[in-house]
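# After the sequence you'll find the predicted model.
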Amino acid sequence: MSIDRQSDFNSMSFEDFDQNEEKGVRTLAKEGKFKEAEKAIENYISTNKDKLSPAQRGLLWFHAGQSAALSGNKDEAVTFFNYSSQEKIYDEKTREEKLALTEYMGPATEYYLQATIGFLKNNRMKVIDAYKKICQTNILDYPFANVVFIPGRIHDMYASKPGTTYKDIFNLPPSLPPFPGETEWHRKPEDKPEHKFDQEYRNRLKVIRTGQSNEQHVPNKKYDAKEANEITEEKYSRPAPSQFSHRFTKR
């Protein structure tokens, strides 16, 4: 990547650099230049560290980790994910520190990082433990609808077969959690466009969340703490995921 292009990146706002599909690091990601994206993010953080909030730094480090993992550098990816987990904010409600990345990814953030690191390090028990933890979180506890794919990513890493790569998981349309009172995870049908599937899911979630439905706010069967503790590696299996499109986390 040219010095001029990096300089242009470094002068961008966080939103333009990280969130804009046509301007910043996402242009590199869309071109499959993950190693360049990783380095661009490192340089951007170094240049703008004092201007960025802990949540913004956490998300950038997370995206650096994704880029490193997609370029095949697992060790560097784990380092970046750990950097992301070190960015903390004070929670006024609990009066304790929490992961700053929670502001973007919701209550499954810690377990998403845990599962991702476990997956990259071939530590199956870390992935299983993260999956157990998300099974204890009701879907209505997520603050906004577009973070419900986070537990879906954990589910997909948990359900993957041996030999599945991070790129396989990342390129798969994420599973979406069961609605209250249901038991099955939602997977996009092959004959339905992903954006339509996502929109239908979010519309239904919005109806349930706003109370404009007869559905009861009850825990999902798979989101029951007792059953979550009984989950074993052998109990669930899914087909190996297929390729799909590149995506970064957006709020």
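Alright, I've got the coordinates.
# give me the number of residues near residue 16?
By the criterion of other Cβ atoms under 10 Å, residue 16 has 16 neighbours. Every C-beta, even on glycine, is put in place using the N, C-alpha and C of the backbone.
# which residues does the closest residue to it other than its chain neighbours contact?
Excluding the flanking residues, the one nearest residue 16 by Cβ to Cβ, 6 or more residues apart in numbering is residue 23, at 4.8 Å. The neighbours of residue 23, taking Cβ atoms under 8 Å, 6 or more residues apart in numbering as the test, are 12, 16, 17.
# and if we set it to 10 Å?
8, 9, 12, 13, 15, 16, 17 (Cβ atoms under 10 Å, 6 or more residues apart in numbering).
# now residue 148
Contact partners of residue 148, counting by Cβ under 10 Å, 6+ apart, are 106, 108, 139, 142, 174-177, 186, 198, 201-202, 205.
# Quick one: which of these is the most crowded by neighbours?
For the contacts of residue 148, neighbours tallied by other Cβ under 10 Å; top is residue 177, 29 neighbours.
# any idea how far that residue lies from residue 154?
In this view, residue 177 and residue 154 are 10 Å apart by Cβ to Cβ, to the nearest Å.
# between these two, what contacts are shared?
In contact with both residue 177 and residue 154: 108, 134, 135, using Cβ under 10 Å, 6+ apart.
# Next, format these as CSV and append secondary structure and pLDDT.
Formatted as CSV, the shared contacts of residue 177 and residue 154 follow (DSSP: H, G, I helix; E, B strand; the rest coil; pLDDT from 0 to 100):
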residue, secondary structure, pLDDT
108, helix, 93
134, helix, 91
135, coil, 88
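# So which of these is the closest to residue 44?
Ranked by distance to residue 44 (Cβ to Cβ), the shared contacts of residue 177 and residue 154 are led by residue 108 at 25.9 Å.
# doesn't residue 138 make contact with the closest one?
No. Counting by Cβ atoms under 10 Å, residue 108 sits too far from residue 138 to count as a contact (11.6 Å).
# overlap in contacts of these two?
Common neighbours of residue 108 and residue 138 (Cβ under 10 Å, 6+ apart) are residue 177.
# could you pull out the strands for the stretch 1-150 of the chain?
88-91, 96-99 (DSSP state E, counting those that start in this stretch).
# so what pLDDT did residue 6 get?
Note on residue 6: pLDDT of 67.
# same check, this time on the one 3 residues further on
We note a pLDDT of 91 for residue 9 in this prediction.
# before we move on, what about residue 199?
So, for residue 199, pLDDT stands at 89.
# which sections of the protein are below the confidence cut-off?
Within the chain, the segments meeting pLDDT under 70 span 1-4, 6, 212-251.
# which residue sits closest to residue 129 in space, ignoring its chain neighbours?
residue 114 (7.1 Å).
# residues contacting that neighbour?
Residue 114 neighbours (Cβ under 10 Å, 6+ apart): 81, 85, 108, 123, 126, 127, 129, 130, 131, 133, 154.
# how near is it to residue 211?
33 Å.
# likewise residue 175?
Counting by Cβ to Cβ - residue 175 and residue 211 are separated by 26 Å.
# that older thread, quick one, phi psi at the residue nearest to residue 16?
Here is the backbone geometry of residue 23 (degrees, to the nearest 10): phi -120, psi -50.
# Return the residues in contact with the most centrally placed residue in the chain.
Central residue of the chain (Cα atoms, centre = their mean): residue 150, 4.2 Å from the mean position. Residues touching residue 150, when contacts are defined by Cβ under 10 Å, 6+ apart, comprise 104-109, 111-112, 115, 134, 142, 174, 177, 249.
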